[in-house]
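# What follows is a predicted protein model with its sequence.
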Amino acid sequence: MPESPPPALEVDRLLDDPRTRIIVCCGSGGVGKTTTAAALGLRAAQHGRHVVVLTVDPARRLAQSMGLSSLDNTPRLVEGTQVEAAGGSLHAMMLDMKRTFDEIVEAHADPDRAAQILANPFYQSLSSSFAGTQEYMAMEKLGQLRRADEWDLIVVDTPPSRSALDFLDAPQRLGRFLDGRLIRLLTGPTRTGGRAYLRLVTTGLSMVTGVVTKVIGVQLLRDVQTFVAAFDTMFGGFRERAEDTYRLLQAPGTAFLVIATPEPDALREASYFVERLTSDQMPLAGLIVNRVHRAAAPQLSAARSLAAAEALDTAPSPAGNGHPAGGGQTAAAGGHGRRGGRRGAASGQAATATRYPLTVTALRLHAERMQLAERERRLEEGFTAAHPGIPVAEVPAQPEDVHDLDGLRAVGGELARGVRLS
Amino acid sequence: MRDTDWEGVRLHVVTGKGGTGKTTVAGALAIALASGGRRVLLMEVEGRQGIARLFDSPPLPYTERRVAVAPATGTLPGGEVDALAADPEAALVEYLEMFYSLRHTGTAITRLGVVDFATTIAPGLRDVLLTGKAVEATRRRSGGRLRYDAVVMDAPPTGRIGKFLNVATEISGLAKVGPIRGHADTVQSVLKSPQTAVHFVTVLEEMPVQETLDGIVELRGLAQGGLQLGGIMINMVQHEVLGDEQLHAAAAGKLDEHELDLGLKAAGIEDRRGLARRLAAELAEHARESLAQQAQRARLSEVDQPRYELPLITGPMDLAGLYRLAAALRDQGAA
C-alpha cells in the first residue's frame, strides 16, 4: 500500500476511560449518526458506565427501540438493556427545542416577564423555527445535562444540519444576533449610544430601517421590539451561555467522532468537519466509517471471479439453445470455450446455458463486491492521505436496518472491533 | 409531443432524505425534461454547490449558466440545461431592485448584514426568496416565449420540505400585511397550482422510505390548498440476480454449497478451501439485503403515487451515469 494505514480508533478504550464525559457524533445527513450514538451509548453502559444519549431527530423505530415514544425532553431509562449486571445504566432523551428554550426563559426571567416573552409572536417563531435554534438548544441541553452531573457519559447526536458546521456556529450566531448591534439599532437607538451609533446614523440608518420595514413589515418589527425590550435582561446571559457551551466542547473530557459512509459526498463533508474541528481546537477522537462493504472471500480477486463466471457461463451448449448436456465437460475446458460461446438472444437466460447457474451468480456477485470494496478502500485512502494520523474505525454494512437493542448491540460490537481489514 | 406523467408541470420540486441522491436525480430529471429541444433550468437553494460537483464544473455564480446538453432523440433535437445556485441575499437584492428600484442598496444591505438579520427574525423570508426565484424563472419570458420550458429545483430535504413550500402560511404568522406578504402570496399561488409538482427521492432502506411516507402525508395535508404531489423516484435500485426461490433459500442460509463447489471446480479454480462457504455467505447477505429492499418497495407501493426506478450506477457518478438515469426516467414516463 502506498500510504501507511491510519491508526485504529479504539472505541472501547474511549468508552471505558472515565475521563471521557461527552461524546459528540457529527457528520452529514444519512450516514447513521443517531444509530452510532445509540450503539455507543449502549456499549458504554454494557461496560458499566452511566450513560445518557441525547438524540435530536431519530427515526421512529430506532427511537422506539430505546423506549422513546415522543418528544419528551427528560432522560428516560431504556428498558431491556441488561446492563445492570455490569453496573451500568442507559438513559435516552429526544430534544424538544421549543421547550428547552421556554425553560431558559422561565429560569432567567421573573414570572410576569417570562409570560410576556413566551406569548410574543416573534419569540414563538424564533423558538420553533429559527435556523440554528435546534443546534443551539441541542448544545444548551448538553450543557444542562453535563452540569446536572447525574451521568458519567453523555453521548450526543448532532442535528441534521444543512451545513456540517451549523451546530458549532449556531450558539454564537444566536447569541450574536440577540446581542447584536443591528437589533439594538432597530429596536431603540437610545440604548446604543456612543460613536458607533453616530457613525451608523450617518451611513444611513433611516435607509436600513426603511429596507427592513419594507421587507418584513412594520408589525413584525414592532413584535421584535417588544420582544427585545422584554428579553433585554437576558441578553448577556445568552452570550455567556453560548460561550460556556463552546468551552465545554473544547474541554479535554469531550471527544468528537466524525461519522461518514465510504461515499464521496459523505467523506468530503467528513473532511470539512475534521478541518473545522481542528481549527476550533475541538478534541477530535477519530473517524467512524459506517456501512463499509467487505467481501467474505477476499482471496478470490474480482478479475479471477469474473473470468471463472465467464468460463462457466459460456460453456458452449450447441448454438446457445440452452441445452445443459455436456456443460460440465466444456466448462472444464475453461478459456477455450470463451471465444466459441454465443451470447446472442440467449444471453439473458445465461442461467439455463450453464450447469452451474448458482456458481455463476455467486462469482458475478463476488466480483461486484470486490470492486465495491476496492472503490471504498480508495475513497478512504483519499481521506487518510489528506488527514494522516486520524484514527479510523469501520463498521460493516448491515443487511437490514437497525431498529432494536440487539441490532444496536451488534453495531456496538462492530464499532469496538472496528479495525480495518485491508 | 410525448405523453408523460407530468404534462403541464413546469416547476418540478425534488426533495428526499440526505444520502438518497436527491441532487443527482434532480440533475437527471432536468436532462430528461430537456430532451426534444427543450430548455430547462436546474436550480439549487442550499448553497452546497452540489450541481457544480455533479456536472464537474466550477462553482456556480448567481447567474444562470449552461451545464449540459440533452441528447437528441429520434427526430427531435437535443435540449439545454442551465443551472443556478440561488442564494437568498442575491435574491433579496434582486427583489428590491425589481419592485422598489432600490438599485444601490445592495452593497449597504450586504455590509450591514440586513439580509442575515431579516432572514433571522423571519425564517420564512429566506424560503420565500428562494421559492420566489424559482417561480420567477418559471414565469420568465424572453423573445415572446417562455425562457424555460421547465424548472427543476433541488429542494431542501424531506424533513424541511413542508415548511419550505408552505411559505405564505409560514410568513403570515409573522407578517400579516406588507410587501413581503404580497410576494409570498404570489409565490404560493404558483406553488399550489397544477404547474408545480413535488417529487420524492428515496432509496429502498427503512429510514428514507419512512421519511418519504411521512413527507407525503405532510404534503397531502398541505394539498388541501392545492399542492401537487409528484412521483416517488426510487434511486440506486440493484438488478436482482437471484430468482425468488433462490433468494429465500439464500437468505435462510440453505444454499447448496456442494453445488457451488462443483461449479468452482468446473471453472478451474484450484485453491477452493472454504471458498464455497464464503461465497454462500456473500449470497446470503445479498439475499437478506434484497428481501429487505423488497419489503420497503412494498411499503412504497401502498402510496398511490407514480413510482420510477433508477438503476444503481456503480463507480463515481459522471455525465454518462446521469444520462443513463435520465433515459430511465424518460422510459418510465417521468419526463
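Looks like it came in fine.
# Name the residues linked to A:Val156 by a beta bridge.
Beta bridges link A:Val156 to A:Val24, A:Leu54, judged by DSSP bridges.
# and the gap between it and chain B?
To chain B, A:Val156 is 19 Å away according to C-beta to the nearest C-beta, to the nearest Å. Every C-beta, even on glycine, is put in place using the N, C-alpha and C of the backbone.
# What residues does the stretch 251-400 of chain A have near chain B?
Proximity of the stretch 251-400 of chain A to chain B (C-beta under 8 Å from any C-beta of the partner chain) is limited to residues A:261, A:263-266, A:295-297, A:299-300, A:304, A:308-309, A:311-312, A:328, A:331-332, A:334, A:355-356, A:358-366, A:368-369, A:371-372, A:375, A:399-400.
# Please flag which of those sit within helices.
Residues of those located in helices (DSSP state H): A:264-266, A:304, A:308-309, A:311-312, A:328, A:331-332, A:358-366, A:368-369, A:371-372, A:375.
# Among these, name the buried ones.
A:265-266, A:304, A:308-309, A:311-312, A:328, A:331-332, A:358-366, A:368-369, A:371-372, A:375 (16 or more other C-beta atoms under 10 Å in any protein chain shown).
# Quick one: the strands in the chain, in order.
Just going to use chain A. Applying DSSP state E to chain A gives strands spanning A:22-26, A:50-55, A:76-77, A:89-94, A:153-157, A:254-260, A:284-292, A:392-396.
# let's do chain B instead
With DSSP E as the criterion, chain B has strands at B:11-16, B:39-44, B:65-70, B:79-85, B:141-142, B:145-146, B:150-154, B:196-202, B:229-237, B:307-311.
# Tell me which of those strands lies nearest to chain A.
With C-beta to the nearest C-beta as the measure, strand B:11-16 is the member of these nearest chain A (9.6 Å).
# which residues touch that closest one?
When contacts are defined by C-beta atoms under 8 Å, 6 or more residues apart in numbering or on different chains, strand B:11-16 is touched by residues B:6, B:22, B:25-26, B:29, B:33, B:134-135, B:138, B:150-158, B:161, B:165, B:190-191, B:195-202, B:208, B:212, B:215, B:230, B:233, B:235.
# pretty sure A:Leu306 contacts A:Leu363?
Yes: A:Leu306 is in contact with A:Leu363 according to C-beta atoms under 8 Å; the separation is 7.1 Å.
# separation between the closest residue to chain A within the stretch 151-300 of chain B and B:Leu283?
Nearest residue of the stretch 151-300 of chain B to chain A (C-beta to the nearest C-beta) works out as B:Gly263 at 2.5 Å. B:Gly263 sits at a distance of 12 Å from B:Leu283 (criterion: C-beta to C-beta, to the nearest Å).
# Ok, A:Ala63 next?
Counting by C-beta to C-beta, the gap from A:Ala63 to B:Leu283 is 33 Å.
# Specify which residue of these two has the higher count of neighbours.
A direct count of neighbours by other C-beta atoms under 10 Å in any protein chain shown for A:Ala63 and B:Leu283 places B:Leu283 higher, at 26 against 20.
# returning to that earlier point: tell me how many other residues surround the residue of the stretch 151-300 of chain B closest to chain A.
Residues lying near B:Gly263 (other C-beta under 10 Å) number 27.
# what sits against it?
By C-beta under 8 Å, 6+ apart, B:Gly263 lies in contact with A:312, A:355-356, A:358-360, A:362.
# With B:Asp214 instead?
Taking C-beta under 8 Å, 6+ apart, we find B:Asp214 in contact with B:Thr158.
# quick one: B:Glu218 and B:Gly162 touch, right?
Yes: under the contact definition of C-beta under 8 Å, B:Glu218 touches B:Gly162, with a separation of 4.5 Å.
# which one of those two has more residues nearby?
A count of neighbours by other C-beta under 10 Å puts B:Gly162 above the other of B:Glu218 and B:Gly162, at 21 against 17.
# Might you report the residue contacts of the more buried one?
Listed by C-beta under 8 Å, 6+ apart, the contact set of B:Gly162 reads B:215, B:218-219, B:221-222.
# I'd like those residues laid out as JSON lines, including pLDDT and distance to A:Met234.
As requested, the contacts of B:Gly162 are arranged in JSON lines below (pLDDT from 0 to 100; distance: C-beta to C-beta, whole Å):
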{"residue": "B:Gly215", "pLDDT": "91", "distance to A:Met234": "36"}
{"residue": "B:Glu218", "pLDDT": "89", "distance to A:Met234": "34"}
{"residue": "B:Leu219", "pLDDT": "90", "distance to A:Met234": "38"}
{"residue": "B:Gly221", "pLDDT": "85", "distance to A:Met234": "36"}
{"residue": "B:Leu222", "pLDDT": "77", "distance to A:Met234": "35"}
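# Kindly identify which of these also come near chain A.
Applying C-beta under 8 Å from any C-beta to the contacts of B:Gly162, none is adjacent to chain A.
# which of those residues count as buried?
Buried subset of these (neighbour count, 16+ other C-beta under 10 Å): B:215, B:218-219, B:222.
# quick revisit: for the contacts of B:Gly162, which one is nearest B:Ala298?
Within the contacts of B:Gly162, the smallest distance to B:Ala298 is 18.4 Å, found for B:Gly215 (C-beta to C-beta).
# Next, the contact list for that closest one, please.
B:Gly215 neighbours (C-beta under 8 Å, 6+ apart): B:15, B:158-159, B:161-162, B:200.
# Then B:Gln296?
Residues B:204-206, B:209 are the ones in contact with B:Gln296 under the rule C-beta under 8 Å, 6+ apart.
# Number of residues surrounding the nearest residue to A:Asn120 once chain neighbours are set aside?
For A:Asn120, ignoring the flanking residues on the chain, the nearest one in space by C-beta to C-beta, 6 or more residues apart in numbering or on different chains is A:Phe227 at 4.7 Å. Counted with other C-beta under 10 Å, the neighbours of A:Phe227 add up to 23.
# Quick one: residues contacting A:Phe227.
By C-beta under 8 Å, 6+ apart, the neighbours of A:Phe227 are A:117, A:120, A:122-123, A:126.
# give me that answer again for 7 Å
A:117, A:120, A:122-123 (C-beta atoms under 7 Å, 6 or more residues apart in numbering or on different chains).
# What of B:Ala328?
Contact analysis of B:Ala328 by C-beta under 7 Å, 6+ apart lists B:310-311.
# Next, work out how far apart it and B:Ile31 are.
B:Ala328 is 11 Å from B:Ile31, by C-beta to C-beta.
# Kindly report the same for A:Thr261.
Separation of A:Thr261 from B:Ile31 (C-beta to C-beta): 26 Å.
# and what of B:Thr20?
Computed as C-beta to C-beta, the B:Thr20 to B:Ile31 distance reads 18 Å.
# A:Gly237 too?
A:Gly237 sits 53 Å away from B:Ile31, going by C-beta to C-beta.
# between those two, who's got more neighbours?
Set side by side, A:Gly237 and B:Ile31 show more neighbours around B:Ile31, with 30 against 16, by other C-beta under 10 Å.
# How many residues are close by the nearest residue to the more buried one once chain neighbours are set aside?
Excluding its sequence neighbours, the residue lying closest to B:Ile31 (C-beta to C-beta, 6+ apart) is B:Ala326, at 3.9 Å. When counting by other C-beta under 10 Å, one arrives at 27 neighbours for B:Ala326.
# quick one: contacts for B:Ala326?
B:28, B:31-32.
# returning to what we had before: spatially, which two of the contacts of B:Gly263 are the most separated?
Maximum pairwise distance among the contacts of B:Gly263 (C-beta to C-beta): 14.1 Å, between A:Arg355 and A:Ala362.
# May I have the phi/psi pair for the residue lying farthest from the centre of chain B?
In chain B, counting by C-alpha atoms, centre = their mean, B:Glu270 sits farthest out from the average C-alpha position, at 48.3 Å. Here is the backbone geometry of B:Glu270 (degrees, to the nearest 10): phi -90, psi -50.
# what's the nearest residue to B:Lys192 if we skip its chain neighbours?
B:Lys192's closest residue in space is B:Gly226 (C-beta to C-beta, 6+ apart), at 3.7 Å.
# you'd agree the one you found is up against B:Leu191?
No: the pair B:Gly226 and B:Leu191 fails to qualify as a contact (C-beta atoms under 7 Å) at a distance of 8.5 Å.
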